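1. Show me the folded form of this:
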Amino acid sequence: MKITMHPIGLIHSPYKEPRDIPIQGIFKPDVEAWVELKKEYCIALKDLEEFSHAILLYYFHRSGTEQLQGRPFLENDEHGIFAIRSPHRPNHIGLSVVKVRSIEDNKLHFSEVDILDGTPVLDIKPYVNYFDVRDNVVSGWLDKHFEGGQAPDRTILR
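-> From the prediction side, this is the model:
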């Protein structure tokens, strides 16, 4: 089966190089960016401003490799690619939860950015607390890095 997707817009981010990006946008909550949608998708933003957060699905356009295992930033051990958030995965699809700041025309302004400038956006979905939050979550190999409720220093600056 062949699947064809087309970008609906582009990310405009202050992060020009992957080395500058925090491992998750929540660790740099004040950094802002925006999605510039193609004009034909402008109407699709209707009512999204009523949500505090959105989920962005995008294409890791600067990843030229595919790996089945990788070493995440917080570890020296390799893990399966589906147990980490590396861009070097089959199909190179990324996902970020971002804080909606404002919407004007075809632009969705957001913060909690962890996306490279020029990244093609594939889809936008509202983050819904009633659907997206789970109880009794186990975060595998990551749990040991966040014991006691503190984020490791290495999550903020790379």
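2. in stretch 52-71, what's buried?
-> Using 16 or more other CB atoms under 10 Å as the test for burial, stretch 52-71 gives 54-56, 58-61, 67, 70. C-beta here means a position set from N, CA and C on the backbone, and glycine is covered the same way.
3. cool, stretch 112-124 as well?
-> Going by 16+ other CB under 10 Å, stretch 112-124 has these buried residues: 112-117, 119, 121-122, 124.
4. Confirm that residue 26 sits in a helix.
-> Yes: counting by DSSP: H, G, I helix; E, B strand; the rest coil, residue 26 falls inside a helix.
5. mind listing what the residue nearest to the spatial centre of the chain touches?
-> Centroid check for the chain by CA atoms, centre = their mean gives residue 96 as the closest residue, at 2.2 Å. Residues counted as contacts of residue 96 (CB atoms under 8 Å, 6 or more residues apart in numbering) are 25, 55-56, 58, 112-115.
6. show me where pLDDT drops low in the protein?
-> Along the chain, segments meeting pLDDT under 70 span 153-158.
7. Now do stretch 142-151: distance from first to last residue.
-> Terminal residues of stretch 142-151 lie 10 Å apart, using CA to CA, to the nearest Å.
8. Can you give me the first-to-last residue distance of stretch 65-77?
-> Across stretch 65-77, the terminal residues are separated by 19 Å (CA to CA).
9. which residues are contacting that stretch?
-> Stretch 65-77 is contacted by residues 23, 78-81, 84-86, 88-90, 92, 141-142, 145, 152, 154-155, 158 when judged by CB under 8 Å, 6+ apart.
10. just the buried members of those?
-> Buried members of the contacts of stretch 65-77, scored by 16+ other CB under 10 Å, are 23, 79, 81, 84-86, 88-89, 92, 155.
11. Strands of this structure, residue ranges please.
-> With strands called from DSSP state E, the chain shows them at 9-12, 32-37, 53-59, 69-70, 79-80, 93-104, 107-111, 120-126.
12. Tell me how far the last one lies from the chain's centre.
-> Which is strand 120-126. Relative to the centre of its chain, strand 120-126 is centred 10 Å away, using CA atoms, centre = their mean, to the nearest Å.
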